[in-house]
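Colleague: using only what follows, build the 3D model:
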Amino acid sequence: MSLKYTMEMMELLDEAYINGQKVVNIFKGLPHCESSFETVVGATGASTDFIKILIKGTNGKSDGGSAPTMGIVGRLGGLGARPSRIGSVSDGDGAIAAITAAFKLVNMASNGDRLPGDVYVTTHICPDAPIEPHEPVDFMGSPVDMMEMNRHEVLEEMEAILSIDTTKGNKIINHLGIAISPTVKEGYILRFSDDLLRIMEMTTGDFPVTFGVTMQDITPYGNGLYHLNSILQPSVATDVPVVGVAITAKSAVPGCGTGASREVDIAEAVRFAIEVAKEYTRGKCEFYNKDEFVKLKELYGSMKKLQTLGGSQTS
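Modeller: Residues are numbered from 1 along each chain as shown. This next block holds a predicted model:
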């Protein structure tokens, strides 16, 4: 049923006057759920609405339980580039996927299928974000900078994070659907999670598709280095493991391109995120090998400087 919910959310979010209040309204009155939004104004005077949705688990820590808490971050610059472009842009797929996953999880809980642990879903709503030059195709900008975005989207309660982002504006990933990154934690690029690869095989019915990341990609925006996109920017603001879920294309598609959002690809990301949440919150899915990570730090020390802007800064 993820495709049905995806199509409903795409319709809801595809309007010039969409805002945080309209998104929060669809969660009002639903059980085991808390939703809120906050309007934040950027340096240019433009604004965006940050969304936070909590789907409470049967043994969730928000109510004093002990089950693991997962985070789903819908990463984007903006849902639209109005007035330069009419309609939803490709860059908005991450927000659509995150809100759809939240809506599906809440409806599951309403029908008796509650997860053991809490799931926090965050993203932001901006129908008129700026366009930014980027190679090989233009990207979408945002009314607020990345540090502000992380402040509202990367929550202390999250113990592992899936960061969902449109990742079509490149010539690196040549696949139509979704792909996942290696796990990133505290400046280390770790090996791919076997559990996440297994879940991806199950939800897509195909071999898992992955993409590589570079050292530059896991450093903060603002340091003057090239980044594939912002999919792994949550990793600079937390010590918990972060995995990017990329919604991808065979060709290089601009983030500001309209008519480029494919319902089936977004629904694929939603299904994957929901199944990961089911398994992670009941302790059956690991984002990284804890023993291996301890050994890495013993051998090579901290890599947390990569979570900063560099130079003389320390973690």
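
Colleague: contacts and neighbour counts: CA atoms only from here.
Modeller: Fine.

Colleague: so how far is Ile125 from Lys52?
Modeller: Using CA to CA, to the nearest Å, Lys52 is found at 11 Å from Ile125.

Colleague: neighbour count: these two, which is higher?
Modeller: Per other CA atoms under 10 Å, whichever of Lys52 and Ile125 has more neighbours is Ile125, with 28 against 23.

Colleague: quick check: that one vs Met9, distance?
Modeller: Counting by CA to CA, the gap from Ile125 to Met9 is 13 Å.

Colleague: now swap in Leu299 and tell me
Modeller: Distance of Leu299 to Met9, computed by CA to CA: 47 Å.

Colleague: what about these two, which has more around it?
Modeller: Shown here are Leu299 and Met9; by other CA under 10 Å, Met9 has more neighbours (21 against 9).

Colleague: now do the contacts for the more buried one.
Modeller: Under the criterion of CA atoms under 8 Å, 6 or more residues apart in numbering, the neighbours of Met9 are Ile96, Ile99, Thr100.

Colleague: likewise for Ser261?
Modeller: By CA under 8 Å, 6+ apart, the residues touching Ser261 are Val89, Ser90, Asp93.

Colleague: at 10 Å what do you get?
Modeller: With contacts defined as CA atoms under 10 Å, 6 or more residues apart in numbering, Ser261 is in contact with Met10, Ser88, Val89, Ser90, Asp91, Gly92, Asp93, Ile96, Thr166, Ile247, Ala249.

Colleague: I'd like to know which elements the worst-scoring helix or strand of the chain on mean pLDDT is packed against.
Modeller: When each helix and strand of the chain is scored by mean pLDDT, DSSP states H and E, strand 139-140 comes last, with a mean of 84. With contacts taken as 3 or more CA pairs under 10 Å, 6 or more residues apart in numbering; DSSP states H and E, strand 139-140 sits against strand 131-132.

Colleague: which elements pack onto the strand it packs on?
Modeller: Packing partners of strand 131-132 (3+ CA pairs under 10 Å, 6+ apart): strand 139-140.

Colleague: please name the strands paired to the strand it packs on in the sheet, noting orientation.
Modeller: Applying DSSP bridges to the sheet, strand 139-140 is found paired with strand 131-132 (antiparallel).

Colleague: average pLDDT for the partner strand, rounded please.
Modeller: For strand 131-132, mean pLDDT rounds to 86.

Colleague: let's number from 33 now, not from 1
Modeller: OK, 33 is where the count begins now, so the last one is strand 163-164.

Colleague: which ones among the contacts of Ser293 map onto helices?
Modeller: Among the contacts of Ser293, DSSP state H puts Met42, Asp125, Ile128 in helices.

Colleague: tell me how many other residues crowd the second one.
Modeller: Applying other CA under 10 Å, we find 30 residues neighbouring Asp125.

Colleague: same deal with the last one?
Modeller: Burial of Ile128 is recorded as 34 neighbouring residues (other CA under 10 Å).

Colleague: most neighbours, which of the contacts of Ser293?
Modeller: Ile128 (34 neighbours).

Colleague: any idea which of the contacts of Met41 is closest to Met232?
Modeller: Nearest to Met232 out of the contacts of Met41 is Thr132 (CA to CA; 18.0 Å).

Colleague: residue contacts, the residue nearest to that closest one when sequence neighbours are not counted?
Modeller: Spatially, and ignoring its direct neighbours in sequence, Thr132 is nearest to Thr38 (5.6 Å; CA to CA, 6 or more residues apart in numbering). By CA under 10 Å, 6+ apart, the contact list for Thr38 reads 44, 128-133, 135-136, 294-300, 302.

Colleague: so where is the stretch 233-347 of the chain shaky, pLDDT-wise?
Modeller: Applying pLDDT under 70 to the stretch 233-347 of the chain flags residues 344-347.

Colleague: which stretches in it count as strands?
Modeller: Secondary structure of the stretch 233-347 of the chain (DSSP state E, counting those that start in this stretch): strands at 274-280.
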